[in-house]
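> My questions concern the predicted model and sequence given below.
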Amino acid sequence: MFFVEREEKISFFIGLSYSYNLMVNQSIVMLVSLTDNKLIIFNKIYNIFDKQNIFNSNWENELIEEISELTIKISILHLKN
């Protein structure tokens, strides 16, 4: 049992490491494509990162969370009436 949990944790961190390295690599490609004026490549990578909310600030993330909570509360109030 201990070994299974340990292997799952190791696999999880290997996956995190792979994702981090992939993100760093793509960030470098994005920056190089911007400096080389290859805007199509830059925009493709930018859009992928943007879909993952990489560029969202902490304020934006908190605002999105608060709006989601407010929407849920409004839905609940609407159902009660």
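Thanks, I have the structure now.
> How much space separates the nearest residue to F55 once chain neighbours are set aside from F42?
Nearest residue to F55, sequence neighbours excluded (Cβ to Cβ, 6 or more residues apart in numbering): F49, at 6.5 Å. Quick note: C-beta positions are derived from backbone N, CA and C, even for glycine. Remark: distance between F49 and F42 (Cβ to Cβ, to the nearest Å) = 11 Å.
> can you give me the helices in the chain?
2-35, 39-51, 58-80 (DSSP state H).
> Which elements pack onto the first one?
Translated: helix 2-35. Applying 3 or more Cβ pairs under 8 Å, 6 or more residues apart in numbering; DSSP states H and E, we find helix 2-35 packed against helix 39-51.
> so the helix it packs on versus helix 2-35, what angle?
140 degrees (axes from the mean of the first three to the mean of the last three Cα atoms, to 10 degrees).
> who touches helix 39-51?
Here helix 39-51 makes contact (Cβ atoms under 8 Å, 6 or more residues apart in numbering) with Q26, S27, V29, M30, S33, L34, F55.
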